[in-house]
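> coords please:
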Amino acid sequence: MAFVSGIPVWLFMLYGGVVADRMSRRKLLIMTQSLMMGLALILAALAFLHWVQPWHVLCLAFGLGVANAF
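Numbers count the residues shown, from 1 in each chain. Next up is the predicted model:
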(Lines give C-alpha, C1' and ligand atoms only; values in the text may rest on other atoms or scores of the structure.)
Protein backbone atom coordinates (compact mmCIF):
# COMPACT_ATOMS: atom_id res chain seq x y z
CA MET A 1 0.00 0.00 0.00
CA ALA A 2 2.73 2.45 0.94
CA PHE A 3 4.65 1.63 -2.22
CA VAL A 4 1.60 2.07 -4.47
CA SER A 5 0.63 5.37 -2.84
CA GLY A 6 4.25 6.57 -2.98
CA ILE A 7 4.79 5.98 -6.69
CA PRO A 8 2.68 8.98 -7.82
CA VAL A 9 4.54 11.25 -5.44
CA TRP A 10 7.80 10.39 -7.21
CA LEU A 11 6.23 10.61 -10.66
CA PHE A 12 4.26 13.85 -10.23
CA MET A 13 6.27 15.71 -7.58
CA LEU A 14 7.92 18.20 -9.95
CA TYR A 15 4.78 18.70 -12.02
CA GLY A 16 2.76 19.17 -8.83
CA GLY A 17 5.15 21.88 -7.71
CA VAL A 18 4.74 23.76 -10.97
CA VAL A 19 0.97 23.47 -10.76
CA ALA A 20 1.00 24.61 -7.12
CA ASP A 21 3.03 27.70 -8.06
CA ARG A 22 0.72 28.68 -10.91
CA MET A 23 -2.69 27.93 -9.37
CA SER A 24 -4.57 29.58 -6.59
CA ARG A 25 -3.87 27.76 -3.34
CA ARG A 26 -7.54 27.76 -2.49
CA LYS A 27 -8.57 26.14 -5.79
CA LEU A 28 -5.81 23.56 -5.56
CA LEU A 29 -6.74 22.68 -1.99
CA ILE A 30 -10.41 22.32 -2.90
CA MET A 31 -9.55 20.12 -5.90
CA THR A 32 -7.23 17.79 -3.99
CA GLN A 33 -9.56 17.50 -1.00
CA SER A 34 -12.50 16.80 -3.33
CA LEU A 35 -10.51 14.06 -5.04
CA MET A 36 -9.63 12.51 -1.68
CA MET A 37 -13.27 12.72 -0.59
CA GLY A 38 -14.39 11.02 -3.80
CA LEU A 39 -11.90 8.22 -3.31
CA ALA A 40 -13.08 7.73 0.28
CA LEU A 41 -16.72 7.62 -0.87
CA ILE A 42 -15.87 5.01 -3.51
CA LEU A 43 -14.13 2.87 -0.92
CA ALA A 44 -17.04 3.26 1.49
CA ALA A 45 -19.54 2.26 -1.20
CA LEU A 46 -17.48 -0.79 -2.12
CA ALA A 47 -17.19 -1.79 1.52
CA PHE A 48 -20.92 -1.36 2.23
CA LEU A 49 -21.84 -3.42 -0.83
CA HIS A 50 -19.23 -6.10 0.08
CA TRP A 51 -17.62 -5.72 -3.35
CA VAL A 52 -14.20 -4.51 -2.24
CA GLN A 53 -11.26 -6.40 -3.71
CA PRO A 54 -7.53 -5.94 -3.08
CA TRP A 55 -7.02 -4.35 -6.50
CA HIS A 56 -9.70 -1.76 -5.66
CA VAL A 57 -7.76 -0.73 -2.59
CA LEU A 58 -4.51 -0.50 -4.56
CA CYS A 59 -6.10 1.66 -7.27
CA LEU A 60 -7.63 3.95 -4.66
CA ALA A 61 -4.27 4.21 -2.89
CA PHE A 62 -2.68 5.22 -6.19
CA GLY A 63 -5.32 7.91 -6.62
CA LEU A 64 -4.63 9.15 -3.11
CA GLY A 65 -0.94 9.32 -3.96
CA VAL A 66 -1.74 11.46 -7.00
CA ALA A 67 -3.75 13.85 -4.84
CA ASN A 68 -0.93 13.99 -2.28
CA ALA A 69 1.62 14.78 -5.00
CA PHE A 70 -0.19 18.02 -5.73
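> pull the longest helix from the protein.
In the chain, taking DSSP state H as the definition, the longest helix is helix 25-48.
> contacts for the helix or strand that that helix is followed by, please.
Later in the chain than helix 25-48, the nearest helix or strand by DSSP states H and E is helix 54-69. Contacts of helix 54-69 with the rest of the structure, by Cβ atoms under 8 Å, 6 or more residues apart in numbering, involve 1, 4-9, 11-13, 15-16, 32, 35-36, 39, 42-43, 46. Placement of C-beta: from N, CA and C, glycine included.
> the same query, at a cut-off of 6 Å, please.
1, 4-5, 8-9, 12-13, 16, 32, 35-36, 39, 43, 46 (Cβ atoms under 6 Å, 6 or more residues apart in numbering).
> tabulate these (CSV), appending pLDDT, neighbour count and distance to Arg22.
Listed next are the contacts of helix 54-69 as CSV, based on pLDDT from 0 to 100; neighbours: other Cβ atoms under 10 Å; distance: Cβ to Cβ, whole Å:
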residue, pLDDT, neighbour count, distance to Arg22
Met1, 92, 13, 31
Val4, 95, 16, 28
Ser5, 93, 19, 25
Pro8, 95, 20, 19
Val9, 92, 14, 19
Phe12, 94, 17, 15
Met13, 92, 12, 15
Gly16, 91, 19, 11
Thr32, 96, 18, 15
Leu35, 97, 16, 18
Met36, 98, 15, 21
Leu39, 98, 18, 24
Leu43, 98, 16, 31
Leu46, 98, 15, 35
